[in-house]
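Q: using only what follows, build the 3D model:
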Amino acid sequence: MNASSTDAGPVVVGVDPSDCARDAAGWAADLAQVWGAPLHLVHAVPNGGPLPVPRWLDELSGATERAGAGPTRAEVVTGAVVDVLAQSAAGARMLALGSYGEGARSGMLAGAVALALVGRIACPVAVVRGSTPQLPPRRGGPVVVGVDGSAPGRGAVEFAAALAVSLGAPLVAVHTWAAVVTGADGATRRRLEDPSVLAAQGAALLDTELGVIAATHPGLSLQRLVLEDTPLRALLDRAPDARLLVVGHRGLGAELAAGMLHGSTSRSLVEFAPCPVVVTGPPAASDGRSTARSTGATR
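A: Residues are numbered from 1 along each chain as shown. Reported below is the predicted structural model:
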């Protein structure tokens, strides 16, 4: 999915009466305005009969339109929240959720819901928060993306670059390497390559991955970072100053995959990063199934 596409799909926001959901709606409204996309506010309630739109949802819809978002539709849908949002996000350009981690006052829109949706829907999933529960997300700063050379990672980089261009923000691309790695059996081992070789390999990989991006978006302000670190720590270190983080998700087998798109990295960023996090899903294979390749470029 490309943020600069002409896709007419809406930006969908899962909302409830909480402040974090209101912040997510405002954040998504800004994005919908930039994209020229419709905004769709969805409130999920337990199964039962049809319910009227509550006053707070009407007010939220009016606020997003006054802020400059395109046509806004607000509705109440009965059903389990994951099922409702998955259905509402079919054909969407993005699904946004408001949450301040698992401890958010509204458990309905906590990180577990976002992670349940990442492997289930085709569009990117954004978990929106500021640095504290009382603060809305930043409106400035760079778009930061993790790069590992895999197919899912490449999709995340392409999305992040197009999004940065749309927002008029710089892009910071982060690739990490480590001399000590952990295998699928949980055992750690030291890599045979000299650290200078690993750093050079990382720089070459990053240059390769960003070559197409630089050519496609010649006006984009692009910063390259090759770091000896873990992917999670490198991205979290840059989160306080970021407008948002973008990371890919491998789909099935993520917990066994090494690198920037390790399942635990996506999960931890969703739960703890002090800024919005956008998780892009694995690309679709030709037979309709998602791919989960790992190049081992980042350990």
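Q: please make it C-alpha for all contacts and neighbour counts, starting now.
A: Fine.
Q: neighbouring contacts of the longest helix seen in the chain?
A: In the chain, ranked by residue count with DSSP state H as the criterion, the top helix is helix 195-216. Residues lying outside helix 195-216 but in contact with it, judged by Cα atoms under 8 Å, 6 or more residues apart in numbering, are 147-149, 154, 158, 161, 175-179, 220, 222, 224, 226-228, 297-298.
Q: buried subset of these?
A: Buried subset of the contacts of helix 195-216 (neighbour count, 16 or more other Cα atoms under 10 Å): 147-149, 154, 158, 161, 175-179, 220, 222, 226-228, 297-298.
Q: among the residues you listed, which are in strands?
A: Cross-referencing those against strands under DSSP state E gives His175, Thr176, Trp177, Leu222, Val226, Leu227, Glu228.
Q: quick one: low-confidence ranges for the stretch 51-200 of the chain?
A: Scanning the stretch 51-200 of the chain for pLDDT under 70 picks out 100-111, 181-188, 192.
Q: ok, for Ile131, nearest residue in space, not its chain neighbours?
A: No, residue 131 isn't Ile; it's Ser. Nearest non-adjacent residue to Ser131, counting by Cα to Cα, 6 or more residues apart in numbering: Pro274, 4.3 Å away.
Q: any idea how far the one you found is from Ala242?
A: To Ala242, Pro274 is 9 Å away according to Cα to Cα, to the nearest Å.
Q: over to Arg93?
A: According to Cα to Cα, Arg93 and Ala242 sit 22 Å apart.
Q: same thing with Leu232?
A: Going from Leu232 to Ala242 by Cα to Cα gives 15 Å.
Q: which one of these two is surrounded by more residues?
A: Ala242 (26 against 21; other Cα atoms under 10 Å).
Q: wait, the more buried one sits on Val143?
A: Yes - Ala242 lies in contact with Val143 (Cα atoms under 8 Å); the separation is 6.1 Å.
Q: which residues touch the closest residue to Arg191 other than its chain neighbours?
A: Excluding the flanking residues, the one nearest Arg191 by Cα to Cα, 6+ apart is Ala179, at 5.4 Å. Applying Cα under 8 Å, 6+ apart to Ala179 gives the contacts Arg190, Arg191, Glu193, Pro195, Leu198.
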